[in-house]
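Q: Please work out how this folds:
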Amino acid sequence: MKKHGFRFWLLAIVGLLGMVLSLSQPPKQVVAADNTLKSVFSIDAGRKYFSADQLKTIIDRAHTDGYTDVQVLLGNDALRLLLDDMSVTINGKTYGSDVVKQAIQAGNKAYYDDPNGNALTQTDMDAVLKYAAARDINIIPVINSPGHMDAILTAMAQLGIKNPAFNGSKRTVDLNNDTAIAFTKALLQKYVMYFKGHATTFNFGSDEYANDVDTGGWAKLQQSGTYKKFVAYVNDLAAMAKNAGLKPMVFNDGIYYDNNTSFGTFDKDLIVSYWTAGWGGYDVAKPEFLTDKGLKIMNTNDGWYWVLGRVDGDLYSYKTALASLASKKFTDVPGASSAVPIIGSMQAVWADDPSAQLDMPALLKLMDQFSTAYAPYLVRPADYSKVDAAIAAVPRQLNQYTEASVAKLDAALAAVNRNLNITQQAQADTMAAKITAAIAALVLKPGPQPDPRQQQVPTKTIVNPGRYLPKTAEASGWELMLAGLATILGVISIVFFWRQHRMAV
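A: Model prediction:
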């Protein structure tokens, strides 16, 4: 009796600790296998506001479709993530957190006053990161600069920084404005430090310099000699990421523009997200040129681009995105005349018109079809439905069975591995079969008593809940309240049984 009482107390304490840890565990870093090509889905949640739940829906589909990463553009024209502490100190002057937040919110409204929301909070992003980590999805954050900075430029002007923009551009910072550059770097540093330990890569954008004025921004920088400052700026951002343990990434069009190397050398640890081979008058370096310079290539072929709201047409429409799945290989890099080594490929959905309605079913379908088209590269997770059914059949009262038979069931349950992919489906099915066999082999202790196998667990009992979570958004306020009440009732029950145990002893 005393032995079973001790076992009861031990199981109860472990259960309570498990509940507490599962609720309080912070977001964790997820490291993808280095020997596989990455498969990335990118969503423009900078121009257009995406809620935490919408991002979780995308993450869910990325997980089931076999993607390794989801890239979230948080700063792209607008800045849709506000950290708890947004204070910025430069040149001995501190801009308070609330003042900076209000200025950025004003900048977001000036760019596009999204009726769905202005910006995510740090609490929102904490939840998104934790949700993604539980599904083995890496999040790649993007805060774009020195271009695509509309909201930040508006914020700087509101904070009293004079003439932060370049040559009439509404979205590009002037590389010759030391104060504006210092503010931008200090702001970026806050985001880099926030994502430190919760991501593996940080994308700084660095594309389309002043393309809202014309597409000659890079050429003008080179003609004026200011391109040298762009090289130094990008290298400073790369160092910022590396110092935080992150891999730096940028888009390709500004890197060694027009194959010009006379302005300096870009950091060789840069990952170049290669999306365009250029067009008339936009003379970007070809991918072979960049790899010859020691840079890594993330194939971000713009043939796969879809801009929300564009159904038909020849430029970044849903129609062209679907067609490209049939016409392009996973390894086809734009403008390449030979096979180019890549670290992975990225599919992207953009919100060039942030007022365009989000068609989530169409977006998820596009992800599904990308996964199907490139199935050898996007390895989907194993189907655990048989395992879950077997776990659900575990009897409610195991203390009526012999310890030897229960130990075999415990071993079968402990052996469940939730990290298998579809190529390892047979292993998952074997785990289910072993649990079922262990249930069938349970031996009742001697004496007249009902067979508890007739009292099944009414809902699923999930082994390792931190790995297998419900494929829905986080619990609502009411659900969390009910969970709290259930925990309290559990504690009361433990105390009650303890008193009964003492009386029995």
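Q: Spatially central, which residue of this structure would that be?
A: Residue closest to the average C-alpha location in the chain (Cα atoms, centre = their mean): Ile139, at 2.5 Å.
Q: Tell me which strands the helix or strand hosting that residue pairs with, and in which orientation.
A: In this structure, Ile139 sits in strand 138-145 according to DSSP states H and E. Strand 138-145 pairs in its sheet with strand 69-76 (parallel), strand 201-205 (parallel), by DSSP bridges.
Q: Identify all contacting residues around that strand.
A: By Cβ atoms under 8 Å, 6 or more residues apart in numbering, the residues outside strand 138-145 that reach it are 30-32, 40, 42, 46, 68-77, 79, 128-129, 132, 152, 173, 184, 188, 191, 195, 198-207, 237, 249. (Each C-beta comes from the backbone N, C-alpha and C, glycine too.)
Q: and Thr261, how many neighbours?
A: Number of residues near Thr261 (other Cβ atoms under 10 Å) recorded here: 12.
Q: Phi and psi next, for the closest residue to it other than its chain neighbours.
A: Among residues not flanking Thr261 along the chain, Lys293 sits closest, at 7.8 Å (Cβ to Cβ, 6 or more residues apart in numbering). Backbone torsions of Lys293, given as degrees, to the nearest 10, read phi -90, psi 0.
Q: what's the answer for the one 5 residues further on, then?
A: Backbone torsions for Met298, taken as degrees, to the nearest 10, come to phi -100, psi 110.
Q: could you measure it against Ala348, distance?
A: Applying Cβ to Cβ, to the nearest Å, the value for Met298 to Ala348 is 11 Å.
Q: Same drill for those two, tell me which one is more crowded.
A: The neighbour count for Met298 versus Ala348, taken as other Cβ under 10 Å, is higher for Met298 (26 against 22).
Q: Looking at the residue lying closest to that one once chain neighbours are set aside now. What's its pLDDT?
A: Spatially, and ignoring its direct neighbours in sequence, Met298 is nearest to Ser273 (4.6 Å; Cβ to Cβ, 6+ apart). Here, the pLDDT recorded for Ser273 equals 98.
Q: just the one 4 residues further on next, same as before
A: Looking at Ala277, its pLDDT is 97.
Q: in a strand, that's where it is, yeah?
A: No: Ala277 is assigned coil when assessed by DSSP: H, G, I helix; E, B strand; the rest coil, not a strand.
Q: thinking again about what came up before, could I get the strand holding Ile139 in CSV with only the CA atoms?
A: Taking C-alpha atoms only, strand 138-145 is exported to CSV below (Å, rounded to 0.1, in the frame of the first residue of the first chain):
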residue,chain,number,x,y,z
ASN,A,138,12.3,27.7,-38.6
ILE,A,139,11.2,31.3,-38.7
ILE,A,140,13.2,33.7,-40.9
PRO,A,141,12.5,37.3,-39.9
VAL,A,142,12.9,40.1,-42.4
ILE,A,143,13.3,43.8,-41.5
ASN,A,144,14.1,45.5,-44.8
SER,A,145,16.6,48.3,-45.2
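Q: Tell me the helix or strand right after that strand.
A: Trace forward from strand 138-145 with DSSP H and E and the next one is helix 150-158.
Q: Can you list the buried residues in the next helix or strand after that next one?
A: Going down the chain from helix 150-158, the next helix or strand is helix 178-195, by DSSP H and E. Along helix 178-195, these residues count as buried under the neighbour rule (16 or more other Cβ atoms under 10 Å): 179-181, 183-185, 187-188, 190-192, 194-195.
Q: for stretch 419-435, same thing?
A: By 16+ other Cβ under 10 Å, the buried positions in stretch 419-435 come out as 420, 425, 428-429, 431-432, 434-435.
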